[in-house]
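# Sequence first, predicted coordinates after that:
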Amino acid sequence: MKDQDIPRLTPDRAKEETEKIISFLQQHLNPDGKAVIGLSGGIDADVAARLTCRAIGPDRLKLFIAIQAGLENKYIINARNTAAELGTHLAEIDLSHLSLPFLSALADADSLSNFRPEGLLDPAHIKSSLRTSVFSMYVERGYLVVGTSNKTEYDLGFFLPLGDGAWHLGPLAHLYKTQIFDLARYLGTAESVIRQQPSGGFWPGETDLEDIAFWLVYGEPVQKDVNWTPEDMAAFARLHRFLTFPVIDAVLAHFSRESDDAKIAGSLEIDKEIVSRMRLLVRRAGCVKKRLLRQTVE
């Protein structure tokens, strides 16, 4: 794949984006607005926190991390380091003992919806839902929620609408994941955060690229546990082997100007299967994109 096919941010462009995003945040948070961000220990949250702190200062910025069962300690350390660098307090909220009882109560009350406390995805989703409840409490204290979602996640539907998709201001929602990496380097994000594999942190070893590969196999957002066939697993291995964020972002960027999947694959020098499966996922992700009231950078 050619470098020019990837929508990258040079240092000059990163500077321009930083100034634009800071202006956007100041517009919606001044003169005395307060912002809350849920840190995950990942790159998107780190970048969102750094930009928001530059826009309104540490005294008007609230950072928290929702500690859940299965969250690897490195993410907690990353969140602590980000807060320390920005000079603001990190509220560490231990919710590890709540998620399964919460899910079990839901499953007992509504057997028709087949919620599965013993599964993989429902326990992950309930962790995200509990974090949303933390946001709701801060909103009652006058804070606006600054989201960490990026354009790659939005286009793929790779988010929970009332989980990580629930926010008032989306300073990163117009930027591809590849651009987030560029912006992180410009802003001074720790190299350890930049190098780690992006992950929801729901269970040890989870990675976003692995999850996206399964979504591509499924053909739409995977919202409950699936019994994967040998053929599915073979397709997963085939896709996951070549899947990177530069590949994903380049394909997504081409969708806005080219309808022929074979031409896109040829231009990017990748397998047409990746392009076709990604287009199908984007089409079917529309149901996940039901928006709350929110503002994004134009």
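Okay, I see it.
# What are the boundaries of the strands in the stretch 151-298 of the chain?
169-170, 295-296 (DSSP state E, counting those that start in this stretch).
# Just put those in TSV and tack on mean pLDDT.
Converted to TSV, these look like this (pLDDT from 0 to 100):
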stretch	mean pLDDT
strand 169-170	96
strand 295-296	71
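# With distance to G147 added, can I get these in TSV?
(C-beta placed from N, C-alpha, C; glycine too.) Listed next are the strands of the stretch 151-298 of the chain as TSV, based on distance: least, CB to CB, whole Å:
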stretch	distance to G147
strand 169-170	5
strand 295-296	9
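# Return the most buried member of the ones you listed.
Comparing the strands of the stretch 151-298 of the chain on average neighbours per residue, with mean count of other CB atoms under 10 Å, the densest one is strand 169-170 at a mean of 24.
# Give the other helices and strands that that strand contacts.
Packing contacts for strand 169-170, counted by 3 or more CB pairs under 8 Å, 6 or more residues apart in numbering; DSSP states H and E, involve helix 11-29, strand 295-296.
# weakest of those in terms of mean pLDDT?
The minimum mean pLDDT among those belongs to strand 295-296 (a mean of 71).
# sorry, back to before: among the strands of the stretch 151-298 of the chain, which is nearest G163?
strand 169-170 (14.2 Å; CB to CB).
# need the contact list for L183.
Shown in contact with L183 (CB atoms under 8 Å, 6 or more residues apart in numbering): L9, A14, E17, T18, V47, L175.
# in terms of contact, does the fourth one touch A55 like I think?
No. Using CB atoms under 8 Å as the test, T18 is too far from A55 to be in contact (9.8 Å).
# So which of those two has more stuff around it?
The neighbour count for T18 versus A55, taken as other CB atoms under 10 Å, is higher for A55 (24 against 19).
# Backbone dihedrals for that one, please?
The phi and psi values for A55, taken as degrees, to the nearest 10, are phi -80, psi -40.
# I figured it was touching I22, is that so?
Yes. Between A55 and I22 there is a contact under CB under 8 Å: 4.5 Å.
# Not counting residues beside it along the chain, what's closest to P246?
I6 (4.7 Å; CB to CB, 6 or more residues apart in numbering).
# Repeat that for R13.
D182 (8.0 Å).
# ok, now I21?
That would be P171: by CB to CB, 6+ apart, it lies 4.7 Å from I21.
# Got the confidence number for that neighbour?
On the pLDDT scale, P171 gets 97.
# Next one: it from L239, what distance?
31 Å (CB to CB, to the nearest Å).
# More neighbours: which of the two?
A direct count of neighbours by other CB under 10 Å for P171 and L239 places P171 higher, at 29 against 21.
# ok, and the most crowded of the contacts of L183?
Neighbour max across the contacts of L183 (other CB under 10 Å) = V47, 29 neighbours.
# Identify the residue nearest that one in space, chain neighbours excluded?
V47's closest residue in space is A184 (CB to CB, 6+ apart), at 5.1 Å.
# Please, where are all the helices along the stretch 51-200 of the chain?
Along the stretch 51-200 of the chain, the segments classed as helices by DSSP state H, counting those that start in this stretch run 73-86, 99-109, 121-140, 151-156, 177-187, 191-195.
# will you turn those into a markdown table that also has distance to V251?
Formatted as a markdown table, the helices of the stretch 51-200 of the chain follow (distance: least, CB to CB, whole Å):
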| stretch | distance to V251 |
| --- | --- |
| helix 73-86 | 28 |
| helix 99-109 | 34 |
| helix 121-140 | 25 |
| helix 151-156 | 10 |
| helix 177-187 | 12 |
| helix 191-195 | 22 |
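# Quick one, which of those gets closest to L29.
Nearest to L29 among the helices of the stretch 51-200 of the chain is helix 121-140; the distance by CB to CB comes to 13.7 Å.
# The closest one packs against which elements?
Against helix 121-140 (3+ CB pairs under 8 Å, 6+ apart) you get strand 34-38, strand 61-67, helix 99-109, strand 143-145.
# Packed most tightly, which of the ones you listed would that be?
Scoring those by how many neighbours each averages, mean count of other CB under 10 Å, gives strand 34-38 as the top one, at a mean of 24.
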